[in-house]
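> Structure for this input, please:
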Amino acid sequence: MTEVSRGWQRPSIYDVAKHAGVSHMTVSRVLNDHPNIRESTRERVLLAIDEMNYTRSSIARALATRRAMRIGVVVDSPVQYGPNSTLRALESAAREVGYAISAFSISEDDESQIDAGVVELVTQGVDALCVIAPRASSLDMLRQQTTGLPTIVIKAEPDATWHTAAVDQRLGAKLAVDHLIGLGHRSIAHLAGPLDWYDAREREQGWREALTSAGLPSGPAINGDWTSDYGYEFGRTFDFGDVTAVFASNDQMALGLTHGLHERGLRVPDDISVVGFDDLPDSRHFLPPLTTVRQDFGALGSLALQLIISAIEGEEGAQHDVIAPILIARASTSAPRA
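Numbering: from 1, shown residues only. Predicted coordinates:
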């Protein structure tokens, strides 16, 4: 388990208690001027409050609501851009309203760690759980857990079990493909992500639906692994035939694809137009600058936090909330050559 720390965070009453070496009830008694507290203990608690820059009003709020003012976050595949950006956005939104974040990371090669992650976060006394669950396999493990805590899941597909939130992946894919169709492309391939990933499945479905709506046949779809290396091998070896454009399921694969095309003497966008997904900070500096779909992770973090707080306050009901993505058109797409 790693503590997220991008700047100062307001600690909970439990943090103050730990720092002072006392129980949280002792901190409560000190704040309420309970008479049966040793003076040395009182001074130690007050010193801990001062050293942690903890305001009396914040502690009083935590005591009044009986909350730790801390949210536990289980993050699956945190090295990937989407889960990592979602975590950082949630942490920023939480800090703005006085909540702290404790995060537990699940590696891509061991989704069984989710059991340990949930147990560790629950034992910290968090008020709620947020699960950033891009993969179906990790979420299946979570279904076996019963914590009694309000739980929000960040995933691209609705779920009957939990309240979910996400950027609208299917809409993003449709924006990308509609852009290519509008330029005149009629044979559009899809370099997809791993289909255990909800985002990859939704993006592939959006690609298919956009082609069907335009009366076009689905072009070839190849499942990649999110990496630039996979995109490079695909671009270097794939038989494109009459394909004039590729919608890549993320910017990293689009970058590798462009490199692979260049090595075999094909130019982007003159020979093949390329669209990515995510709008990485460096995408505008690819050669050529990459047309892509931007996800507003800041808005997603704020939405997720609102849902978490609503759940803590007793608002129930399984539903799915989404943030709309935006197409960013750059120089990697153009009309196909006649």
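
> How about residue 228: what's its closest non-neighbour residue?
Using CB to CB, 6 or more residues apart in numbering and skipping residues adjacent in sequence, the residue nearest residue 228 is residue 256, 3.6 Å away. For every residue, glycine as well, the C-beta is placed using N, CA and C.

> residues touching the one you found, list them.
227, 228, 229, 230, 231, 232, 233, 234, 235 (CB atoms under 8 Å, 6 or more residues apart in numbering).

> Now render those as a markdown table, adding neighbour count.
Converted to a markdown table, the contacts of residue 256 look like this (neighbours: other CB atoms under 10 Å):
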| residue | neighbour count |
| --- | --- |
| 227 | 14 |
| 228 | 19 |
| 229 | 15 |
| 230 | 21 |
| 231 | 30 |
| 232 | 20 |
| 233 | 15 |
| 234 | 20 |
| 235 | 28 |
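
> just the helices in the stretch 201-338 of the chain please.
For the stretch 201-338 of the chain, helices defined by DSSP state H, counting those that start in this stretch occupy the ranges 228-237, 251-263, 297-312.

> wait, which of these is closest to residue 213?
helix 251-263 (23.2 Å; CB to CB).

> and that closest one, C-alpha only, in CSV?
Taking Å, rounded to 0.1, in the frame of the first residue of the first chain, the C-alpha atoms of helix 251-263 are listed here in CSV:
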residue,chain,number,x,y,z
ASP,A,251,-1.9,7.1,-28.1
GLN,A,252,1.1,4.9,-27.2
MET,A,253,0.0,2.3,-29.8
ALA,A,254,-0.6,5.2,-32.3
LEU,A,255,2.9,6.4,-31.7
GLY,A,256,4.4,3.0,-32.4
LEU,A,257,2.2,2.5,-35.4
THR,A,258,3.4,5.8,-36.9
HIS,A,259,7.0,4.7,-36.4
GLY,A,260,6.4,1.3,-38.0
LEU,A,261,4.7,2.9,-41.0
HIS,A,262,7.6,5.2,-41.4
GLU,A,263,10.1,2.3,-41.5
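
> What angle do helix 228-237 and that helix make with each other?
30 degrees (axes from the mean of the first three to the mean of the last three CA atoms, to 10 degrees).

> what comes up buried for helix 251-263?
251, 252, 253, 254, 255, 256, 257, 258, 259, 260, 261 (16 or more other CB atoms under 10 Å).

> care to break the chain down by domain?
2-65, 169-295 (automatic domain parsing).

> now the last one: mean pLDDT?
If I follow you right, that is domain 169-295. Averaged across domain 169-295, the pLDDT comes to 97.

> can you check stretch 134-144 too?
83.

> re the thing from before, most packed of the domains of the chain?
domain 169-295 (a mean of 20; mean count of other CB atoms under 10 Å).

> distance between the ends of that one?
9 Å (CA to CA, to the nearest Å).
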